[in-house]
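Undergrad: Build me a structure from this.
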Amino acid sequence: MASSRISVLALSGGVGGAKLALGLRNVLPAGELAIVANTGDDFDHLGLFVSPDIDTLLYTLGGLSDTSKGWGRADETWSFMEAVRQAGGEDWFLLGDRDLATHVLRTQMLAGGRTLSETTAHFADRFGAGATILPMTDDRVATRVLTPVGWLAFQHYFVRERCVPAVSRIEFDGAERASLNPDVSKLLATRLDAIVICPSNPFLSVDPILAVPGMREAIRSNGAPVIAVSPIIAGQAVKGPTAKLFAELGLTASAANVARHYAGLIDGFVLDEQDAGTELPHAMAGRTAQTLMQSLEDRENLARVVLDFAGSIGRRR
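TA: Next up is the predicted model:
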């Protein structure tokens, strides 16, 4: 963990969460941001341990991400995947040549006895992330969804099936047996200025983090204001299947329903200017802002709004 005092803890999934995490990293003093990363998306593929949300954070904060695609590394080449395809291997999940190095080294480190937290710290240092990135747990937790064709592992649903099958139920296999990352527990036992839930998919990216035993309780007992940012703007998701999932789970895709999803956990909710006037749950404070992050300036401006909002709410004890 970073030596300076961490003042802000963010919870993040992949692309949307990483955008705000980058903004927070840039506007906070050096070393003051820690990010709890969702690991429910992690899986073994072609003999390698792949951790997509952690890698998105590593590449985004390290300035290595492919901003045009929104995933993977910039200046990527695909010789490995072309060879896999030629040899008749599984090619539905793309591993670029630069990205492949991360997975190979992580798999090697894990096989040698290092934890996921230790391997993540290694890459964060090597890539110059400038923030502490913490897996939610070092144990295996696997998100899976129930569809008309049966239970699907997350990546099979998300990538192989392109989120097409309707989802009626979501489970986080192994969460009940998982131990909260000790570094996350230690941070939540210190005095934080803010806890931020980034605009990630609440069902698939944030709920796995909150499903780890002790996580919700530790957040609420910390006393720092807990602020969530809506991933829904005017009924639409910026990216991914968030709006589709709301409908399939019998809910209207709206900022209001995202706020209700977090009711009892958060103190403040940031929603887009297009959703101004949205009624929020009782005792939940609201703040409107431009939440669509198309540029680095947008990310930093939203980060400032979130931190200012947290400061206006103050500690609960």
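Undergrad: and the helix or strand hosting residue 121, what's its mean pLDDT?
TA: Using DSSP states H and E, residue 121 sits within helix 116-127. Mean pLDDT, helix 116-127: 98.
Undergrad: go on, stretch 260-277?
TA: For stretch 260-277, the mean pLDDT works out to 97.
Undergrad: swap in stretch 222-232?
TA: The pLDDT scores in stretch 222-232 average 97.
Undergrad: Can you give the distance of that stretch from its chain's centre?
TA: Centroid separation for stretch 222-232 versus its chain: 13 Å, with Cα atoms, centre = their mean, to the nearest Å.
Undergrad: and if you look at stretch 80-90?
TA: Worked out by Cα atoms, centre = their mean, stretch 80-90 lies 30 Å from the chain centre.
Undergrad: just for this structure, where's the confidence low?
TA: Across the chain, the ranges flagged by pLDDT under 70 are 1-4, 316-317.
Undergrad: And the strands in it, which stretches?
TA: In the chain, the strands defined using DSSP state E lie at 8-12, 33-37, 43-45, 48-50, 132-135, 142-147, 150-153, 169-173, 194-197, 226-229, 232-233, 236-237, 268-272, 285-289.
Undergrad: Go through the first one and flag the buried ones.
TA: Within strand 8-12, the residues that qualify as buried by neighbour count (16 or more other Cβ atoms under 10 Å) are 8, 9, 10, 11, 12. For the C-beta atoms, the positions are set from N, CA and C on the backbone; glycine is no exception.
Undergrad: before we move on, back to that, show me what the helix holding residue 121 is packed up against.
TA: Applying 3 or more Cβ pairs under 8 Å, 6 or more residues apart in numbering; DSSP states H and E, we find helix 116-127 packed against helix 52-61, helix 97-111, strand 132-135.
Undergrad: so which of the ones you listed gets nearest residue 191?
TA: With distances scored as Cβ to Cβ, the stretch of the helices and strands packed on helix 116-127 nearest to residue 191 is strand 132-135 (16.3 Å).
Undergrad: and the closest one, what does it pack onto?
TA: strand 33-37, helix 52-61, helix 116-127, helix 182-188.
Undergrad: Now mean neighbour count and distance to residue 26 too, for the ones you listed, in JSON lines please.
TA: Formatted as JSON lines, the helices and strands packed on strand 132-135 follow (neighbours: other Cβ atoms under 10 Å; distance: least, Cβ to Cβ, whole Å):
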{"stretch": "strand 33-37", "mean neighbour count": "27", "distance to residue 26": "9"}
{"stretch": "helix 52-61", "mean neighbour count": "26", "distance to residue 26": "10"}
{"stretch": "helix 116-127", "mean neighbour count": "19", "distance to residue 26": "16"}
{"stretch": "helix 182-188", "mean neighbour count": "17", "distance to residue 26": "20"}
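Undergrad: Any chance of JSON lines for the ones you listed, columns distance to residue 237?
TA: Converted to JSON lines, the helices and strands packed on strand 132-135 look like this (distance: least, Cβ to Cβ, whole Å):
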{"stretch": "strand 33-37", "distance to residue 237": "20"}
{"stretch": "helix 52-61", "distance to residue 237": "17"}
{"stretch": "helix 116-127", "distance to residue 237": "27"}
{"stretch": "helix 182-188", "distance to residue 237": "27"}
